[in-house]
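In: Need a 3D model of the following:
(one chain, ligands or ions: 1)
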Amino acid sequence: MALTGLEIYKLLPRTNCKDCGQPTCLAFAMQLAAGKASLDACPHIGEEARERLAAAAAPPIALITIGAGEHAVRVGNETVLFRHEKRFENPTAIGVTVDDTLPPASLAGRVRAINNLVFERMGQTCRVDLVAVRGLSARPDLFRAAVLAAAREARLPLVLMSEDTACLEAALEPVKDGRPLVWAATADNYARLVPLAASYGVPLVVQAAGLEELAALVAKVTELGHRELLLDTGATSIAQLLADQTRIRRLAVRKRFRPFGFPTFCTIAGDDPVQNVLDAAMAIAKYAAVVVVDTTDPAAILPLVTWRMNLYADPQKPVAVEPKLYSIGNPGSDAPVFLTTNFSLTYFCVAGDVEAARVPAYILAVDTEGTSVLTAWAAGKLTPERIVAALQASGVSERVKHRRLIIPGSVAVLSGKLADLSGWEILVGPRESSAIPAFIKEHWKT
Ligand code: SF4
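Out: Have a look, this model is predicted:
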């Protein structure tokens with residue numbers, strides 16, 4: 001459990017020497033409890049108290065890095081059960097399988113397909129994160145060859161997945177510097193596998209069916225000195241997966257149950273591709289840190305990366321685009337000028353629908369601190385005064401020879417005052433941006 005300010009205070013020297021920059025030890029304790037100060041600021045804390053305070057200050061779920069270099073993936077470090085309590089920290093890493101039973105050309109082609117699962121959403125790049133090499137052959141030579149071939153082609157970190165310890169031993173050494181994730185230490189093999197993973201410094205999945213068995217196995221693994229772990233309950237149904245993931249997160253965050261203080265891992269497999277997407281989406285929401293799926297179909301991956309992007313957006317920081325004048329196509333001096341806000345989702349909806357209209361145009365995105373049109377209007381962030389200031393700052397009047405501004409239909413109420421203050425003619429556009437193509441066709445005469 002996290003310590004309260006008073007509990008922290010009892011562990012401090014209580015001399016009020018002010019060396020930490022705080023007037024008293026109590027003030028420093030309160031700052032520590034609020035996460036606004038670092039233990040290092042007090043040079044007088046004894047070793048034992050420092051260890052206790054450091055352990056209490058550690059995140060309830062460890063931060064684990066998979067891979068190395070530019071595409072290394074960080075998972076864990078989560079502190080809440082629900083996103084609105086603060087935020088989720090490190091997005092679920094999505095891995096895609098490639099099997100060691102594939103012929104070499106097919107294997108390389110599949111890894112290239114995984115590399116290419118990259119999408120643009122709301123101005124952000126979303127992609128899958130891991131290439132999961134599955135050892136279905138149970139042959140160390142084949143698994144090692146497949147891992148080496150995948151490592152040559154992949155631009156992403158690897159997951160080495162085999163139920164055969166000899167296969168993992170054969171394949172791990174040549175790729176250890178890339179810090180692959182190894183799946184999995186079990187009750188049968190942990191004594192062999194854990195020292196190997198620890199000596200190579202690679203993260204390791206610990207798998208056991210049932211939470212009690214998993215907690216006991218994690219305790220044995222950590223006793224062997226390896227703490228870069230992920231947890232897999234091997235759930236065989238989506239209901240069991242949901243129950244396991246929820247219990248692990250609750251015990252880790254609410255009870256600070258240390259054996260479960262690691263990110264979780266799961267695989268999604270089944271015959272129905274649509275159900276697989278739904279199951280993977282559930283796992284991303286509750287609370288898998290790594291989800292391995294068995295498809296390279298962009299139609300299956302796109303909803304998952306989109307869902308993940310939404311879940312892991314900071315609810316206290318709206319996703320915003322730069323407030324400025326945007327050009328769609330090559331707008332000329334008679335191009336229409338649309339008004340919207342700098343909330344990312346709103347801007348990209350409007351931009352997409354303006355593009356669909358096939359009429360080059362300008363979009364003026366007013367700074368509303370990343371809020372949508374109606375929210376901004378209700379909060380007094382989309383006012384005639386702000387719009388006029390944005391119009392003037394954008395320089396749009398030097399680019400177009402007309403003076404007609406199209407505003408969203410939902411804020412038609414602004415049109416009178418906006419016309420008076422700006423001197424522009426205000427056209428009230430559709431309430432939904434999807435109607436922009438029809439609106440342009442009907443109302444925009446050059
Ligand atoms: Fe207290 Fe340490 Fe700060 Fe001194 S430096 S006031 S002992 S917390």
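In: got the contact list for the closest residue to R179 other than its chain neighbours?
Out: Computed as CB to CB, 6 or more residues apart in numbering, the closest residue to R179 that is not its neighbour in sequence is A68, at 4.8 Å. All C-beta atoms are positioned from the backbone trio N, CA, C, and that covers glycine. Listed by CB atoms under 8 Å, 6 or more residues apart in numbering, the contact set of A68 reads P157, D177, G178, R179.
In: Quick check: the first one touching V182?
Out: No - taking CB atoms under 8 Å as the contact criterion, P157 and V182 are not neighbours in contact, 11.6 Å apart.
In: and F338, that's in a helix?
Out: No - assigned with DSSP: H, G, I helix; E, B strand; the rest coil, F338 falls outside any helix and is strand.
In: need the contact list for it.
Out: V350, V354, A361, Y362, I363, L364, I406, G429, I436.
In: Sort out which residues of the helix or strand bottoming out on mean pLDDT in the chain are buried, please.
Out: Lowest on mean pLDDT, DSSP states H and E among the helices and strands of the chain sits helix 47-57, with a mean of 83. By neighbour count with 16 or more other CB atoms under 10 Å, helix 47-57 contains the buried residues A49, R52, L53, A56.
In: How about stretch 27-47?
Out: Quick answer for stretch 27-47 (16+ other CB under 10 Å): A27, F28, A29, M30, Q31, L32, A33, A37, L39, C42, I45.
In: go on, stretch 160-170?
Out: Going by 16+ other CB under 10 Å, stretch 160-170 has these buried residues: L160, M161, S162, E163, T165, C167, L168, E169, A170.
In: quick one: low-confidence ranges for this protein?
Out: The model of the chain has pLDDT under 70 over residues 1-2, 446.
In: circling back: got the contacts of F338 as JSON lines, with secondary structure columns?
Out: Formatted as JSON lines, the contacts of F338 follow (three-state DSSP):
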{"residue": "V350", "secondary structure": "helix"}
{"residue": "V354", "secondary structure": "helix"}
{"residue": "A361", "secondary structure": "strand"}
{"residue": "Y362", "secondary structure": "strand"}
{"residue": "I363", "secondary structure": "strand"}
{"residue": "L364", "secondary structure": "strand"}
{"residue": "I406", "secondary structure": "strand"}
{"residue": "G429", "secondary structure": "coil"}
{"residue": "I436", "secondary structure": "helix"}
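In: Show me the two of those that sit farthest apart.
Out: Within the contacts of F338, L364 and I436 form the most distant pair, 14.4 Å apart (CB to CB).
In: circling back: is it possible to export the contacts of F338 to a markdown table including distance to A283?
Out: Formatted as a markdown table, these follow (distance: CB to CB, whole Å):
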| residue | distance to A283 |
| --- | --- |
| V350 | 33 |
| V354 | 37 |
| A361 | 41 |
| Y362 | 43 |
| I363 | 37 |
| L364 | 41 |
| I406 | 43 |
| G429 | 41 |
| I436 | 37 |
